[in-house]
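[1] Return a 3D structure for these sequence lines:
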Amino acid sequence: MKWNFKGSALLVLCSTDMSENSYYGDTMLQHLNRNGDSSSIQLSKAGPIYAIEWSPIAVEFCVVYGFMPSKATIFNSKCDVAWELSSGAKNAAYYSFDGLHLALCGFGNVAGNMEIWNIKDRKCISQIEPLDTTHFQWCYDNYHFITATTAPRLRVKNGFKVWRLTGELIYEYKTNENQELWQVLWQPGTYNRGQKAPIVSPDGSAPGKPKAAAAYRPPHLRQTTRQVPK
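    Have a look, this model is predicted:
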């Protein structure tokens, strides 16, 4: 069960052990209002429900569901489809704290990539492939996030990476061969909250694109200033 951030609505994930459609049973999602009204969320693809997440700033919510390749759909307060995101190998969703961006991820036994979506523009602004990720967390500045490989889920190649939402890897830490990493967390309360993240890199380049190579200049022409002989 998950309440929205206003405390006005509740999402309840229901399951059956067995059904006519599947030996492993079915999953269903119910939406309940504080005034007592309830409705069943109509999903457009059969299969399990992997993730349900409320937006921190709105009454909409995201559902990741269906047999692989799964679907991701955002529903409004009336439980109608607001918009559909891309299909793919995804089983997790994470809203940034300001609700402006959404990370769709394929972790665990789903070897998928990660997509960062701009909620307002409804566009995917970056894609990365954080291999063997067991942990994800947005930074409180709403511009960076962390991915990590931790024990006991995985006991080899432990470490963590810090990314910009535009797709650039800015820091990586790897443990030694006989070391394990158990937990990684952002320190709360030391960042500016509500800061709107840019949709381009700080240097002005497009997200995830390498810088264009500068034109070749012979060594004797690379000096920009020359001293005039006296």
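[2] any weak-confidence spans in this structure?
    The model of the chain has pLDDT under 70 over residues 18-25, 112, 189-230.
[3] for it, what spans make up the helices?
    Counting by DSSP state H, one finds no helices in the chain.
[4] Spatially central residue in the protein, please.
    residue 103 (1.7 Å; CA atoms, centre = their mean).
[5] how near is that one to residue 120?
    Look at residue 103 and residue 120: by CB to CB, to the nearest Å, they are 15 Å apart. Backbone N, C-alpha and C define where each C-beta goes, glycine included.
[6] Need the nearest residue in space to the residue nearest to the centre of the chain, chain neighbours excluded.
    Among residues not flanking residue 103 along the chain, residue 94 sits closest, at 4.4 Å (CB to CB, 6 or more residues apart in numbering).
[7] And for the one you found, the neighbour number?
    18 (other CB atoms under 10 Å).
[8] so residue 120 makes contact with residue 100?
    Yes - counting by CB atoms under 8 Å, residue 120 touches residue 100, with 6.5 Å between them.
[9] More neighbours: which of those two?
    Applying other CB under 10 Å to residue 120 and residue 100 shows that residue 100 carries more neighbours, namely 21 against 10.
[10] Distance-wise, check that one relative to residue 40.
    Distance from residue 100 to residue 40, by CB to CB: 29 Å.
[11] What's the separation between residue 109 and residue 159?
    Going from residue 109 to residue 159 by CB to CB gives 20 Å.
[12] So the two - more neighbours on which side?
    The neighbour comparison of residue 109 against residue 159 (other CB under 10 Å) goes to residue 159, with 16 against 7.
[13] Which residue is the nearest non-sequential neighbour of that one?
    Nearest non-adjacent residue to residue 159, counting by CB to CB, 6+ apart: residue 174, 4.1 Å away.
[14] For the one you found, the count of nearby residues, please.
    When neighbours are defined as other CB under 10 Å, residue 174 has 13 of them.
[15] again, but for residue 16
    Using other CB under 10 Å: residue 16 sits among 12 other residues.
[16] Residue 26 is in contact with that one, correct?
    Yes - counting by CB under 8 Å, residue 26 is a contact partner of residue 16 at 5.2 Å.
[17] Return the residues in contact with the residue nearest to the centre of the chain.
    By CB atoms under 8 Å, 6 or more residues apart in numbering, residue 103 lies in contact with 92-96, 114-117, 136, 138, 145.
[18] Repeat that for residue 93.
    Here residue 93 is in contact with 51, 53, 62, 64, 72, 102-105 (CB under 8 Å, 6+ apart).
[19] Could you report the separation of it from residue 120?
    Distance from residue 93 to residue 120, by CB to CB: 17 Å.
[20] Same question for residue 73.
    Distance from residue 73 to residue 120, counting by CB to CB: 17 Å.
[21] and if you look at residue 79?
    Residue 79 is 22 Å from residue 120, by CB to CB.
[22] now swap in residue 153 and tell me
    Taking CB to CB, one finds residue 153 at 34 Å from residue 120.
[23] same deal with residue 57?
    11 Å.
[24] do the same with residue 107
    Distance from residue 107 to residue 120, counting by CB to CB: 26 Å.
[25] before we move on, the earlier item: and of the contacts of residue 103, the nearest to residue 182?
    Nearest to residue 182 among these, counting by CB to CB, is residue 136 at 15.8 Å.
[26] Report the beta-bridge partners for the closest one.
    Beta-bridge pairing of residue 136 under DSSP bridges involves residue 147.
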